[in-house]
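**Q** dropping a prediction and its sequence here:
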Amino acid sequence: MLQSMRSAAFTKVVFWVLAFAFVGGFLLLDSSGLLGRDTITPGTAVASVNGRDIPYGVWSQLAQNLAQQQEERLGRALTLDERNRIDDQAFEQLVTEVLLEQEYDRRGIRVTDDEIRQYALTSPPPELMRAPDLQTDGRFDYEKYQRWLTSPAAKQGGLLLQLESYYRTEIPRQKLIDQVASDVYLTKPRLWAIWQDAHDSAQISFVAFRPEPTPEAANGKADSSVKVSDAELRQYFDAHEAEFERPGRAAVSIISIPRQITPADSAAVRARAAALRAEIVGGVKFEDVARRESSDTISGRDGGSLGRGPRGRFVAEFENAAFALRPGELSQPVLTPFGYHLIKVDERKGDTLALRHILLRITQSDSTATATDRKADQLSQLAAGATEPAKFDSAARSLQLLVTRATAIEGEPLTVAGRYIPSVSAWAFSGVRPGETSDLMDADDAYYLARLDTLVDGGKPSFDAVKDEIRQIVVREKRIQQLVPQAKQLASAAASSSLEQAAQSRDATVEKSPAFTRVTPVPGIGQFTEVVGAAFGLPVGAVSDAITARNGVYVIRVDRRVNASRDEFEKQFQAQRGQLTQGLREQRSREFLDNLRKAADLKDNRKKIQAAQRRTTT
């Protein structure tokens, strides 16, 4: 049992417990580093939250722990994009913890030993509830859990102390949620209204008046036939300034050297899988071969074990092969997008399998890889790390390699023609200067070298920077308003004849919608629009007046409406209340944390630290 408690699932709980404990201790450190100088120490404040510093050492250590955990889970090194996301995750976690601790103090929230004991007995951590050895017939077994809590193994392994740390973090958080969401209650009439929104349906016929694209708009210019004053543009900007906040943008040039996989490479890996299968059939233990050979390093350390579970866990090719095996049977090599697998089923109960696998990834043969590596080394020697932009272009010409131009968005991985290019975006926003070239980036599918051509910082732009964009928006709104008289004329004519006759006389088209609810998108109309609201307010058969929406002006007729079943609602409303109440409590707690964050005096020093670190290395 102790071994199971040290499995990946429980290790995750322990990791977070230790992380919180680590954070809690280090947040008491003084910030001894000096921002603005080049000396960055573990005590340098990476952030300040309402006057309370978060030391750089705490953040970097937590980020490193999270990165290491992710690398162990993936069985490979992280890309710069992935590492950046983890750095942000660690930062946000630390900021949230400080805000919560400050709120606990303000509200006088405390935790007693009796509360910890009660929670430990009745509310086990979610990861423990998924631990296989604490389940019976696929469900968490409280009796097994109770026995484990009182076992010598749990005490001697120090796991009870780790559980205590977990509850000292979790209980105050739960108390805070109880306080901020204590008034969340859904009455039966409110539940019925929510049910109606999702189950009332309507079908409509409609005539849409939409602004026609102009030649100027096709060329990215505003329609000169609609006059807009600078005062109007400024007024719109002032009212919508936050909507124009943009992430940073970087223009980059990229050279790639693909690791091309040939049919011979795939055949060689399949032959290797067949040889391993023969070795196992000959008497070598599957588990020993998995530990020695499997590219899936996580399961490989555990003899290839993938645990026990139902259908739906794996890709179709793998799952079809696994469920075709009998317990104890060994598969032939199975090809999936991840490579070739050897699969062995340990046990089968109904639709649940306990199984193992050995994964062999399809990679280049030694000769092909050597040629690729040689070219990558040449590229690296010619241009990697260069500060002169011309070296990048010269290297591409010398090695006859194509240069791809792309735009990277801060905080987002870079994709080019639907293909993910790892690490380039993160590098472009790491403090490098335009004209600089990256080091050679080694990815599974290719080698990459990038040059930063231009960089535009993110944030709220100036009025002049977005003036043309605002002009297009305001012009479109005015053009929609210009369509209102036409729509009103059609609506008036339809009221005395029919929608079809009124449309025909004006050479307009009557469109018909599929059935839709108040919350579903409607083709040609959109979601949560004024038109959808009118479809559930008008009598069946009635024609509306002109309805102005975000993308045009509409005249509609309600052709059919089906009301939600009250009987079906009555059968399920108690379950609905529980689900929606829990969801609303979670939403309320998220909104509370968001408001705490917005109201906080937060100073983020990461870019300053990054710049100081670059000065010490250049």
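**A** Ah, there it is.

**Q** switch to C-alpha atoms for all contacts and neighbour counts from now on
**A** Noted.

**Q** domain ranges for the chain, per the record?
**A** Taking automatic domain parsing as the reference, the chain has its domains at 2-181+600-617, 201-244+464-562, 249-260+366-456, 263-360.

**Q** just send those domains back as JSON lines, with mean pLDDT and distance to residue 588 too.
**A** What follows is those, written out as JSON lines (pLDDT from 0 to 100; distance: least, Cα to Cα, whole Å):
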{"stretch": "domain 2-181+600-617", "mean pLDDT": "80", "distance to residue 588": "6"}
{"stretch": "domain 201-244+464-562", "mean pLDDT": "92", "distance to residue 588": "21"}
{"stretch": "domain 249-260+366-456", "mean pLDDT": "94", "distance to residue 588": "27"}
{"stretch": "domain 263-360", "mean pLDDT": "92", "distance to residue 588": "32"}
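
**Q** and these as JSON lines, adding mean neighbour count and distance to residue 571?
**A** As requested, the domains of the chain are exported to JSON lines (neighbours: other Cα atoms under 10 Å; distance: least, Cα to Cα, whole Å):
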{"stretch": "domain 2-181+600-617", "mean neighbour count": "16", "distance to residue 571": "26"}
{"stretch": "domain 201-244+464-562", "mean neighbour count": "17", "distance to residue 571": "19"}
{"stretch": "domain 249-260+366-456", "mean neighbour count": "18", "distance to residue 571": "45"}
{"stretch": "domain 263-360", "mean neighbour count": "17", "distance to residue 571": "30"}
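
**Q** just send those back as TSV, with distance to residue 188 too.
**A** Shown next, in TSV, are these (distance: least, Cα to Cα, whole Å):
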stretch	distance to residue 188
domain 2-181+600-617	19
domain 201-244+464-562	19
domain 249-260+366-456	43
domain 263-360	36
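
**Q** what's the closest of those to residue 584?
**A** Closest of the domains of the chain to residue 584 is domain 2-181+600-617, at 8.3 Å (criterion: Cα to Cα).

**Q** sec struct for residue 348, please.
**A** Here residue 348 is recorded as strand under DSSP: H, G, I helix; E, B strand; the rest coil.

**Q** ok, it - contacts?
**A** For residue 348, the contact set (Cα atoms under 8 Å, 6 or more residues apart in numbering) comprises 326-327, 354.

**Q** okay, and which of these map to strands?
**A** Among the contacts of residue 348, the residues falling in strands (DSSP state E) are residue 354.

**Q** for the domains of the chain, which one sits closest to residue 582?
**A** Proximity to residue 582 (Cα to Cα) singles out domain 2-181+600-617 among the domains of the chain, at 9.9 Å.

**Q** gap between the closest one and the chain center?
**A** Relative to its parent chain, domain 2-181+600-617 has a centroid offset of 20 Å by Cα atoms, centre = their mean, to the nearest Å.

**Q** same thing with stretch 428-436?
**A** For stretch 428-436 - counting by Cα atoms, centre = their mean - the centre lies 26 Å from the chain centre.

**Q** and what about the nearest residue to residue 433 once chain neighbours are set aside, helix, strand or coil?
**A** Leaving aside its sequence neighbours, residue 433 sits nearest to residue 452 (Cα to Cα, 6 or more residues apart in numbering; 7.0 Å). Following three-state DSSP, the label given to residue 452 is strand.

**Q** gap between residue 452 and residue 80?
**A** Plainly put, residue 452 is 16 Å away from residue 80 if you go by Cα to Cα, to the nearest Å.

**Q** now do residue 543
**A** 57 Å.

**Q** before we move on, back to that, and the contacts of residue 348, which is closest to residue 336?
**A** Using Cα to Cα, the contacts of residue 348 come closest to residue 336 at residue 354, 19.4 Å.
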